[in-house]
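In: Provided below for reference: sequence and predicted model.
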Amino acid sequence: MTAQEARILIVDDEKDVCDILFRMLKKHGFRPIVANDGEKALEMIRMGMPEIVLLDVMMPGMDGMEVLKRSKKLNPWLPVLMFTAFGGIDGAVQAIKEGADDYLSKPVDTGELVDKLRRALRNRPVAQEDRQPSAPSGDATIMQLHEMMGPSDAISRIISEITLVARSNFSVVIQGETGTGKELVARAIHQASLRCQAPLIPVDCGAIPETLFESELFGHEKGAFTGATAAKPGKFELAQSGTLLLDEIENMPLGSQIKILRATQERNFYRIGGRKPVTVDVRLLVATHEDLSAAVRAGTFSRDLFYRLSEFTIVIPPLRERKEDVIHLSNRFLQATNVELGKDVRGFSEAARQVLSNSNWPGNVRQLRSAVRSAVLRAEEWINPEHLVFEDSTPDDPLVRLEASDLDLNGTSLRELVRRKTTEVERQAISAALRKTGGNKAKAARLLQIDYTTMHAKLKQYGIKIDTADNGGQKE
């Protein structure tokens, strides 16, 4: 690893300072990670994450001098650079006495900081890597979640939960709205687990026709059914000794849920058409945008499977509840898009930052990324509000808003008004489900939690054609 590729741990309680330093170090080729208080910083040091620490002196709770003392006990060879807005000879002398490698004053000069970081890295003891405890390879993946998902306390909590559960064999339910980063969390758990050398096999439960679920999960033997011209292993076998990620598990048919439960409890199953049991050792992670306990109460999810899977649950809050992550993510997407497009958009105007921070982001990180990419394409030097084009209705908004102009109040009964609007919402929901499932009626029915016969009847009732569902399900 070159000095420029070194992981630099930024420790400061001021998020704006962390954001500035993060971008500055990233621009100069370093790999910055962030902790907003002393306890989090010490936990990262215990895990062997940073090659060097950039530490603020003045912090609430545990101050920088105390973090310095404890970090040197954890790893005496770890370089630490102190910085503070309250610079002075006395502070510098005290920091050096306690083991700091150097001292800077705020505001930090970029050139001075980069020079001192490189010097400290060059002067590390040659035997440092042999002396400090080695960290599991997945720890780096965990800590990168701050860069990938944001610096908020919510993400710090998620990182702590991943660290706690990763090296166990617990099944984990990862719950969050679409676009919040459930697969990122699942991959971090796998990479930090004792199974990281074996594969992580994802299964999109919303994309498999009900008739093919058993074959996809458990495989089949040659000749087991028409078209089975060769034996095929299922996802369980492919994940042997590793991790199986069941994404959108709420879409799994009840019959398949029972077979999953049996396979995980007994650690074996039969391929379709097979006569010998296949023994497997896999860890299960499941991702869902629903509250599975509510699905159990509604009778759409197996109670026994729920108890088997929910040994540990990680809930990812939506982006609208993680406002401090929005600007961090926006800057990351801006930088990446600049590189992709060969542009040099400098950043967001203050008005654009307000728009980003105050929006609801119903599509979460996925929507934010699309909005920023589109804005970078439109902008020249700075991104302004007019460059940001996106939908901002909250997930709790009704699918169809009732405006006064939409309602015929000239003698029309309330019952009839409700019927008309219910029909409109129902029709739009079916069309949306068909768009989401690529026109697959069986999957759309499962998504809407209605049976296949009802789906057919509704399609006929509303005149929705599969090949026109992408246009809002309009009648031909």
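Out: Looks like it arrived, so ask away.
In: now the helices for the stretch 51-200 of the chain?
Out: Using DSSP state H, counting those that start in this stretch, the helices of the stretch 51-200 of the chain run over 64-74, 89-97, 110-122, 128-131, 138-143, 145-149, 153-165, 182-191.
In: Switch these over to TSV; also include mean neighbour count, mean pLDDT and distance to G438.
Out: For the C-beta atoms, the positions are set from N, CA and C on the backbone; glycine is no exception. Listed next are these as TSV, based on neighbours: other C-beta atoms under 10 Å; pLDDT from 0 to 100; distance: least, C-beta to C-beta, whole Å:
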stretch	mean neighbour count	mean pLDDT	distance to G438
helix 64-74	18	85	52
helix 89-97	14	60	60
helix 110-122	16	85	49
helix 128-131	12	39	50
helix 138-143	22	60	32
helix 145-149	20	83	28
helix 153-165	18	92	31
helix 182-191	22	93	20
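In: Please convert these to CSV, extending it with distance to K15.
Out: Output for these, formatted as CSV (distance: least, C-beta to C-beta, whole Å):
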stretch, distance to K15
helix 64-74, 16
helix 89-97, 23
helix 110-122, 19
helix 128-131, 31
helix 138-143, 17
helix 145-149, 12
helix 153-165, 10
helix 182-191, 21
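In: Quick one: closest of those helices to P253.
Out: helix 182-191 (21.1 Å; C-beta to C-beta).
In: Output the closest one in CSV with nothing but the alpha carbons.
Out: The C-alpha trace of helix 182-191 is given here as CSV (Å, rounded to 0.1, in the frame of the first residue of the first chain):
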residue,chain,number,x,y,z
LYS,A,182,-29.8,-3.3,2.4
GLU,A,183,-27.5,-5.2,0.0
LEU,A,184,-24.5,-3.1,1.1
VAL,A,185,-25.2,-4.1,4.7
ALA,A,186,-25.6,-7.7,3.8
ARG,A,187,-22.3,-7.7,1.9
ALA,A,188,-20.6,-6.1,4.8
ILE,A,189,-21.9,-8.8,7.2
HIS,A,190,-20.7,-11.5,4.8
GLN,A,191,-17.2,-9.9,4.3
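In: Residues in contact with that helix: which ones?
Out: Helix 182-191 is contacted from outside by 137-138, 141-142, 144-145, 148-149, 158, 162, 165-166, 172, 174-176, 196, 200, 202, 242-243, 245, 247, 285, 287, 314, 316, using C-beta atoms under 8 Å, 6 or more residues apart in numbering.
In: Now do the end-to-end distance for stretch 258-273.
Out: 19 Å (C-alpha to C-alpha, to the nearest Å).
In: Let me see the mean pLDDT of that stretch.
Out: Across stretch 258-273, pLDDT averages out at 86.
In: Please identify the buried residues of it?
Out: By 16 or more other C-beta atoms under 10 Å, the buried positions in stretch 258-273 come out as K259, I260, L261, A263, T264, F269, Y270, R271.
In: From L284, how far out is the third one?
Out: According to C-beta to C-beta, to the nearest Å, L261 stands 10 Å off from L284.
In: And D115, by the same measure?
Out: From D115 to L284 the distance is 50 Å (C-beta to C-beta).
In: Outline the domain layout of this protein.
Out: Domain assignment of the chain by automatic domain parsing yields the ranges 3-135, 139-315, 319-387, 404-471.
In: can you tell me which of these the model trusts least?
Out: domain 404-471 - the lowest mean pLDDT of the domains of the chain, at a mean of 72.
In: Can you name every helix or strand that the helix or strand harbouring Y307 contacts?
Out: Assigned by DSSP states H and E, Y307 belongs to helix 303-309. On a contact count with 3 or more C-beta pairs under 8 Å, 6 or more residues apart in numbering; DSSP states H and E, helix 303-309 meets helix 254-266, helix 292-298.
In: F22 is nearest to which of these?
Out: Ranking the helices and strands packed on helix 303-309 by proximity to F22 (C-beta to C-beta) places helix 292-298 first, at 35.8 Å.
In: Can you get me the centre-to-centre distance for the closest one and its chain?
Out: Offset of helix 292-298 from its chain centre (C-alpha atoms, centre = their mean, to the nearest Å): 24 Å.
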